[in-house]
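Colleague: Build me a structure from this.
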Amino acid sequence: MADIDKGVFLSLLARCARVDTVEEDMVLFGSGLNLSSIGFTEFILELEEINDIDIDIDDLDNSIRTVGQLWDRLSR
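Modeller: Residues are numbered from 1 along each chain as shown. Prediction:
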């Protein structure tokens, strides 16, 4: 999809989830990061702005459960 810097991806996700650090095996919603839908939307919008890209939200389905899976989907 785009050339997204992994460090920027992880630090932005941590900020939107209001946690200090993010690990690739962390679950995005519920247990793990407990990322809210508002936090996730904020993350996607800021990631688009920083990288000057458009992310098709329909491509981000419920099969994406972890930070690593989200990274894999967005960085391809």
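
Colleague: For burial, what's the neighbour tally of residue 25?
Modeller: 9 (other C-beta atoms under 10 Å). To be clear about C-beta, it is placed using only N, CA and C from the backbone, and glycine gets the same treatment.

Colleague: Against residue 5, how distant is it?
Modeller: In this view, residue 25 and residue 5 are 20 Å apart by C-beta to C-beta, to the nearest Å.

Colleague: do the same with residue 48
Modeller: As judged by C-beta to C-beta, residue 48 and residue 5 stand 14 Å apart.

Colleague: what's the answer for residue 71, then?
Modeller: Separation of residue 71 from residue 5 (C-beta to C-beta): 11 Å.

Colleague: Okay, now the unreliable bits of this structure?
Modeller: 1-2 (pLDDT under 70).

Colleague: List the buried residues for the lengthiest helix in it?
Modeller: Ranked by residue count, the top helix of the chain under DSSP state H comes out as helix 37-51. Counting neighbours by 16 or more other C-beta atoms under 10 Å, one finds that the buried residues in helix 37-51 are 39, 40, 42, 43, 44, 47, 51.
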